[in-house]
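[1] Pasting the sequence and the predicted coordinates here, then a few questions.
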Amino acid sequence: MIAGRLLGWVLIFLALAVAGRDAVAMIDRGQFGLIKVGEFWFKVGPASLNGLQAGVERYLTPVLWDWVLAPMLHLPLVLVLLVPGLLLAFFFRKTRAGQKSRRLFRRGH
């Protein structure tokens with residue numbers, strides 16, 4: 001439970017850092033633009049991105065790359081980090097003593 005909450009807060013913190021980076025970049029350029037997942041990944045490790053594409057197309061199917069993974073690389077990085085972070089922080093939040101569990105899946109029911 002604490003691992004999910006911690007991961008959620010880490011993702012939220014990273015999303016805020018990316019949003020700050022995007023804001024500074026927008027001020028410098030003078031135009032609106034958010035960094036995309038693929039653009040960030042290419043800056044950090046282009047070989048791994050190219051390897052993923054080659055592996056998916058060779059060992060799985062090119063359709064998976066073209067219709068699922070490639071469109072995901074065009075999503076804004078801040079949203080890809082923020083949405084799962086908020087969901088994790090929400091679903092794994094602490095409950096007060098005497099309050100029923102708010103967990104999505106409970107054992108024994």
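    Now that the structure is in, tell me what you want to look at. Numbering: from 1, shown residues only.

[2] Would you mark the buried spots in the lengthiest helix in the chain?
    The residue-count maximum for a helix in the chain (DSSP state H) belongs to helix 2-29. Buried residues in helix 2-29, counted by 16 or more other C-beta atoms under 10 Å: 5, 8, 11-12, 14-15, 18-19, 22. No exception for glycine: its C-beta is placed from N, CA and C like everyone else's.

[3] next one: stretch 54-63
    residue 56.

[4] That one spans what distance, first to last residue?
    For stretch 54-63, the first-to-last residue distance is 12 Å (C-alpha to C-alpha, to the nearest Å).

[5] List the contacts of that stretch.
    Stretch 54-63 has contacts (C-beta atoms under 8 Å, 6 or more residues apart in numbering) with 64-65, 69.

[6] same question, stretch 82-93
    Residues contacting stretch 82-93 (C-beta under 8 Å, 6+ apart): 1-2, 4-5, 7-12, 14-15, 102-104.

[7] and the least confident of the residues you listed?
    Lowest pLDDT within those is found at residue 102 (58).

[8] if I read this right, residue 78 contacts residue 17, doesn't it?
    No - Residue 78 is beyond contact range of residue 17, at 9.3 Å (criterion: C-beta atoms under 8 Å).

[9] Could you list the low-confidence segments of the protein?
    97-109 (pLDDT under 70).

[10] residue ranges for the helices of it, please.
    2-29, 37-44, 46-55, 62-64, 70-72, 77-91.

[11] hmm, back to that, which of the buried residues of helix 2-29 sits closest to residue 49?
    residue 18 (17.6 Å; C-beta to C-beta).

[12] Who are the contact partners of the closest one?
    35, 40, 77-78, 81.

[13] Take the residues you listed and lay them out in a markdown table including distance to residue 49 and neighbour count.
    Putting the contacts of residue 18 into a markdown table (distance: C-beta to C-beta, whole Å; neighbours: other C-beta atoms under 10 Å) gives the following:
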| residue | distance to residue 49 | neighbour count |
| --- | --- | --- |
| 35 | 14 | 16 |
| 40 | 10 | 17 |
| 77 | 14 | 22 |
| 78 | 19 | 20 |
| 81 | 17 | 21 |
